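K.L.:
Make a model of this:
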Amino acid sequence: MPRVVLVTGVRGYLGSRLCGQLSADPSVDRIVGVDTAPPTKADLARLGRAEFVRADIRNPLIARVIAHANVDTVVHASVTATPRGAGGRTPMKEFNVIGTMQLLAACQKSEAVRRLVVKSTTAVYGSSPRDPAVFTEDTEARGLPRAGYAKDAVEVEGYVRGFSRRRPDICVTMLRFANFIGPTIETPLTRYLALRIVPTGLGYDPRLQLLHEDDAIEVLRMATMADRPGVFNVAGDGALLLSQAIRREGHLSIPVPAFGVQFASRFVRRRGVDFSPEQLQFLNFGRVVDVTKLHQDFAYRPQYTTAEAFEAFVSGRPVRPVISANAVRRGEELLLQALRLPAAAAPGVASRG
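P.N.:
Coordinates of the predicted model:
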């Protein structure tokens, strides 16, 4: 059992909530939360009894923090996917890659660290028309990401594998999370789906696999509290087509041809949706991963399927649908009347089609 846990990225939602979960466990003696800036009021309320230390993991001084607190478990949850939130693409890459290198160097020097948990992403598999139907942890990407958060994650994983070889005595857990969603968490995808008019790629309808925010926190907590070495895909069961997701929230989609993608990108960025090129690729081709290893080896099955996680997102957001459910039903009735088919025959007609 961990005695002293250090969590990076506590100014973010996942890091602060994890600290709160660990605070409720009396077996954890001390929790140290690290970030480059003080937590917001909302994040601070979630920290529980965690002690906040303002430190930059890009600075070698992070080794002093780990040594001084006698940390035995490190949770690296600060890898960021949003250039705007990091102050630009260059600072984002420095924080993700250089910060990880310095943190790993500090862990390597420490005699007390016994467990390392790293938040990664399924974006390391990329998104392309040549992808397999389902990615396992051992599947190699058909084309490695060339830029942005996904490329950073690939580099981070490479450094973590090297660290694991150098310090085989430390239990290393790598968690490849699918896109987070839920009633509270804010991500580029949740902000995109919250648009009432949603631009989509003309001719594309990607499969989306999602993970509820509560399941993400529970997986991080379990990895922190006990040895679960290895790489794990973490996602809810099943998948949703993007078109299905937009219809279920009652919003409208506008298919955009390839020559209009640049304009559509500027449109969504003006509305606070910070999308990078690899995220736009994801919205064309999608991505689904196999979670058998999560169920069997990690011993956790997410409480929410992809569809249920999306429903929790829709019901927990104060966003009114563009098209109400009543309007949809009325339209169906009018269509049936126009086709001169009784309502009772509609399911049979739909199944034959």
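
K.L.:
quick one: the strands in the stretch 251-353 of the chain?
P.N.:
Applying DSSP state E, counting those that start in this stretch to the stretch 251-353 of the chain gives strands spanning 252-256.

K.L.:
Output the below-cut-off pLDDT ranges for it.
P.N.:
271-272, 274-276, 319-320, 323-325, 328, 332, 335, 340-353 (pLDDT under 70).

K.L.:
in the stretch 1-150 of the chain, which spans are strands?
P.N.:
So, for the stretch 1-150 of the chain - with DSSP E, counting those that start in this stretch - the strands run 4-8, 30-35, 51-54, 73-76, 115-121.

K.L.:
Tell me which of those strands lies nearest to Gly250.
P.N.:
Evaluated with C-beta to C-beta, those place strand 115-121 nearest to Gly250, the distance being 29.0 Å. Where you see a C-beta, it was placed from the backbone N, CA and C, and this is true even at glycine.

K.L.:
my read: His251 touches Arg196, true?
P.N.:
Yes. Counting by C-beta atoms under 8 Å, His251 touches Arg196, with 5.4 Å between them.

K.L.:
Touching both of those two, which residues are there?
P.N.:
Shared between the contact lists of His251 and Arg196 (criterion: C-beta atoms under 8 Å, 6 or more residues apart in numbering) are residues Val322.

K.L.:
Those two: which has the busier surroundings?
P.N.:
His251 (20 against 14; other C-beta atoms under 10 Å).

K.L.:
and that one, what does it touch?
P.N.:
Counting by C-beta under 8 Å, 6+ apart, the residues that His251 touches are 193, 195-198, 321-323.

K.L.:
Mind telling me the two of the residues you listed farthest from one another?
P.N.:
It's Leu193 and Ile323 that sit farthest apart of the contacts of His251, by C-beta to C-beta, at 15.2 Å.

K.L.:
which of the two has more neighbours?
P.N.:
Leu193 (24 against 14).

K.L.:
how about the longest helix seen in the chain as PDB, C-alpha atoms only?
P.N.:
Longest helix of the chain, by residue count under DSSP state H: helix 148-166. Output in PDB follows, covering the C-alpha atoms of helix 148-166 (Å, rounded to 0.1, in the frame of the first residue of the first chain):
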ATOM      1  CA  GLY A 148       0.400  17.500 -31.400                       C
ATOM      2  CA  TYR A 149      -0.700  15.700 -28.300                       C
ATOM      3  CA  ALA A 150      -0.600  12.200 -29.900                       C
ATOM      4  CA  LYS A 151       3.000  12.600 -30.900                       C
ATOM      5  CA  ASP A 152       3.900  13.900 -27.400                       C
ATOM      6  CA  ALA A 153       2.200  10.800 -25.900                       C
ATOM      7  CA  VAL A 154       4.200   8.500 -28.200                       C
ATOM      8  CA  GLU A 155       7.400  10.100 -27.000                       C
ATOM      9  CA  VAL A 156       6.300  10.000 -23.400                       C
ATOM     10  CA  GLU A 157       5.600   6.300 -23.600                       C
ATOM     11  CA  GLY A 158       9.000   5.700 -25.200                       C
ATOM     12  CA  TYR A 159      10.700   7.400 -22.300                       C
ATOM     13  CA  VAL A 160       8.600   5.500 -19.800                       C
ATOM     14  CA  ARG A 161       9.600   2.200 -21.400                       C
ATOM     15  CA  GLY A 162      13.200   3.100 -21.200                       C
ATOM     16  CA  PHE A 163      12.800   4.100 -17.500                       C
ATOM     17  CA  SER A 164      11.100   0.700 -16.800                       C
ATOM     18  CA  ARG A 165      14.200  -1.100 -18.300                       C
ATOM     19  CA  ARG A 166      16.500   0.900 -16.100                       C
END
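
K.L.:
any low-confidence regions in the stretch 51-200 of the chain?
P.N.:
81-89.

K.L.:
If we use 80, what do you get?
P.N.:
Where the stretch 51-200 of the chain drops to pLDDT under 80, the residues are 80-91, 141-148.

K.L.:
can you pull out the helices in it?
P.N.:
Secondary structure of the stretch 51-200 of the chain by DSSP state H, counting those that start in this stretch: the helices cover 62-69, 83-86, 89-93, 99-109, 148-166, 188-193.

K.L.:
In CSV: the ones you listed, plus distance to Asp290.
P.N.:
Below are these laid out as CSV (distance: least, C-beta to C-beta, whole Å):
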stretch, distance to Asp290
helix 62-69, 35
helix 83-86, 30
helix 89-93, 29
helix 99-109, 26
helix 148-166, 18
helix 188-193, 21
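
K.L.:
what's the distance between the residue nearest to Met174 when sequence neighbours are not counted and Lys119?
P.N.:
Distances taken as C-beta to C-beta, 6 or more residues apart in numbering place Val231 nearest to Met174, at 4.4 Å, with adjacent residues excluded. For Val231, the distance to Lys119 equals 12 Å [C-beta to C-beta, to the nearest Å].
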